[in-house]
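# no letters, just coordinates:
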């Protein structure tokens, strides 16, 4: 059973456009929601993370929007660049847990 | 600070063999987790070690095992390899155990079982 559901599976965006990736979860005990970025041949790297006490967190061109009541969170990449082309994973965990639950990933391609 | 180091980067094994993968965490990190990454499945949790103790185990058969040494380095072993074990195996370290401690991943070991 997939604890975190991610969509879309793949995404193609024009340079300068907005990329949006969505995730949903069921376990209300989750209280930490990170996003990871993975380039080919590399391991995932932490991009940005949010806790449920805030509805939005922004770091540069990357923004997480969090909707606690809907149990959904999303990653927005503003002014998308070809260098953003990568696979993005959302994840969730709880303070008392010992593991992260990952979405199935979104392959983002930004066309010049 | 050096990142998480995984060796070897690539492995080709035959069905029925066993394999050992190695992971050196970031200096000072005491938690090491292992994940299996396959296309379409994302990252599946294998197990986590903290201070040489397995803290949590994912839903994988007993053929998958691991251990952690006193210097926090970790090894993962897969016995009686099956074709379906072909995957990228990722090791991640973090300063503390617990679900809110960010993971720092290595570049993985690509295992191919023929």
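Structure's in. What do you need? Everything numeric here is computed off the predicted structure, so don't read it as measured data.

# all contacts plus neighbour counts: C-alpha atoms, from now on.
OK.

# for the residue nearest to residue A:51 when sequence neighbours are not counted, which residues make a bridge with it?
Once flanking residues are discounted, residue A:51 sits nearest to residue A:32: 4.9 Å by C-alpha to C-alpha, 6 or more residues apart in numbering or on different chains. According to DSSP bridges, the residues that bridge with residue A:32 are residue A:93.

# thought residue A:32 was touching residue A:94?
Yes: the pair residue A:32 and residue A:94 qualifies as a contact (C-alpha atoms under 8 Å) at a distance of 6.2 Å.

# what is in contact with the two at once?
Common contacts of residue A:32 and residue A:94, defined by C-alpha atoms under 8 Å, 6 or more residues apart in numbering or on different chains, comprise B:99, B:100.

# got the contact list for stretch A:36-52?
With C-alpha under 8 Å, 6+ apart as the criterion, stretch A:36-52 contacts A:31-35, A:56-57, A:59, A:62, A:64, A:66, A:68, A:85-91, B:90, B:102-108.

# selecting buried members of the residues you listed in ChimeraX, what would you type?
The ChimeraX selection below is limited to those of the contacts of stretch A:36-52 classed as buried (16 or more other C-alpha atoms under 10 Å in any protein chain shown):
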select /A:31,32,33,34,35,56,57,62,64,66,68,85,86,87,88,89,90,91 /B:90,102,103,104,105,106,107,108
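
# and the contacts of stretch A:36-52, which of them are in strands?
Mapping these onto strands (DSSP state E) picks out A:33-35, A:56-57, A:59, A:62, A:64, A:66, A:86-91, B:90, B:104-105.

# those strands in chain B, which residues are they?
So, for chain B - with DSSP E - the strands run B:5-7, B:10-13, B:19-24, B:31-38, B:42-50, B:53-57, B:64-68, B:74-78, B:87-94, B:104-105, B:109-113.
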